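In: Need the 3D shape of this:
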Amino acid sequence: MSPRTPKPDSSAATGPSRSAPDQEPRSVRRKREKRHNLMKAAFELMSERRKEDVTIQQITDAADVGFGTFYNYFESKEAIYDALVEEVLENSGRVVDEAARHLSDPAERLSVGVRYTLLQAQSDPLWGRFLAQTPFSPQLLSRGLGKFLLRDVQEGISAERFDVDDLAMTLVAIGSTVLGVLTAEIERAAGAPAAALPGLDLDAERVPERTAAMVLRILGIDGDEARRLSRGPLPPLEGVLKLFSQP
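Out: Residues are numbered from 1 along each chain as shown. Coordinates of the predicted model:
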């Protein structure tokens, strides 16, 4: 006698099992949306002015939430700013670093990083303005884009690829160059009169490579080689950074 064929499980045929996870509770979704709205409001406000000039009241008004709601998500204005630095600089730095990680030459990696930073600022003006409002400081060098910059500079010095006598002043010069170009780009995009920048040709298409070449010159790379490295092909990005598009 052949074995009896088991009957199909009627519970599985009629719907999901009881162990399947339920849909996300509305309260959880609303909390995530409120935090997202607070972050988005702070990002937009702090892209237009310094963090010190933005108040928590302005953030909650822009996010359309009550003032007290802010403290359900962040302890202070500094806490939401730190979260923004993590979101804006750390994540974007990681995306660029992933693209350039296979490059063994720290000068080439720096060229890629600087150019992608300027290209990102051109394609996402809010991102660029936020970065331009971020003061260059030792803290910035421990996070995101600054962290990868410091690593590549130190590797280049150890390998005698860069000629650096004063690391601190070199980093200040690099940071000031990149942030200065960002500020000039923002003013150009906003329609700053040409007379404000006499004789200064800021061709948007060439700004990233020119900035990268200047950074490499600061590090002691010969002019011809700096220009060659700044014009090399850019490796493709594995990810695309989308800030605050969806909660």
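
In: Could I get the contacting residues of Asp61?
Out: For Asp61, the contact set (Cβ atoms under 8 Å, 6 or more residues apart in numbering) is empty. The way it works is simple: take the backbone N, C-alpha and C, and place the C-beta from them, glycine included.

In: same question, Glu24
Out: Contact criterion Cβ under 8 Å, 6+ apart gives no residues in contact with Glu24.

In: Report the secondary structure state of it.
Out: Of the three states, Glu24 takes coil according to DSSP: H, G, I helix; E, B strand; the rest coil.

In: Can you tell me how far it is from Arg35?
Out: Remark: distance between Glu24 and Arg35 (Cβ to Cβ, to the nearest Å) = 14 Å.

In: all helices of this protein, in order?
Out: Secondary structure of the chain by DSSP state H: the helices cover 10-14, 26-48, 56-63, 77-85, 91-100, 106-123, 125-133, 144-158, 167-189, 207-218, 223-230.

In: Nearest to Tyr71, out of these?
Out: helix 56-63 (8.7 Å; Cβ to Cβ).

In: how about the closest one: buried residues?
Out: The neighbour-count check on helix 56-63 (16 or more other Cβ atoms under 10 Å) flags Ile56, Ile59, Thr60, Ala62, Ala63 as buried.

In: Any chance of JSON lines for the helices of the chain, columns mean pLDDT?
Out: Formatted as JSON lines, the helices of the chain follow (pLDDT from 0 to 100):
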{"stretch": "helix 10-14", "mean pLDDT": "43"}
{"stretch": "helix 26-48", "mean pLDDT": "89"}
{"stretch": "helix 56-63", "mean pLDDT": "96"}
{"stretch": "helix 77-85", "mean pLDDT": "91"}
{"stretch": "helix 91-100", "mean pLDDT": "84"}
{"stretch": "helix 106-123", "mean pLDDT": "91"}
{"stretch": "helix 125-133", "mean pLDDT": "85"}
{"stretch": "helix 144-158", "mean pLDDT": "89"}
{"stretch": "helix 167-189", "mean pLDDT": "87"}
{"stretch": "helix 207-218", "mean pLDDT": "95"}
{"stretch": "helix 223-230", "mean pLDDT": "96"}
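
In: what about Leu140, how many residues close to it?
Out: 21 (other Cβ atoms under 10 Å).

In: Now find how far off-centre stretch 41-56 is within its chain.
Out: Distance, stretch centre to chain centre, for stretch 41-56: 17 Å (Cα atoms, centre = their mean, to the nearest Å).

In: For the buried residues of helix 56-63, give me JSON lines that also has distance to Asp166.
Out: Shown next, in JSON lines, are the buried residues of helix 56-63 (distance: Cβ to Cβ, whole Å):
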{"residue": "Ile56", "distance to Asp166": "40"}
{"residue": "Ile59", "distance to Asp166": "40"}
{"residue": "Thr60", "distance to Asp166": "45"}
{"residue": "Ala62", "distance to Asp166": "43"}
{"residue": "Ala63", "distance to Asp166": "44"}
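
In: out of those residues, who's nearest Val164?
Out: Taking Cβ to Cβ as the measure, Val164 lies nearest Ile59 of these, at 40.5 Å.

In: And the closest one, how close does it get to Val153?
Out: 35 Å.

In: Alright, that wraps it up for me.
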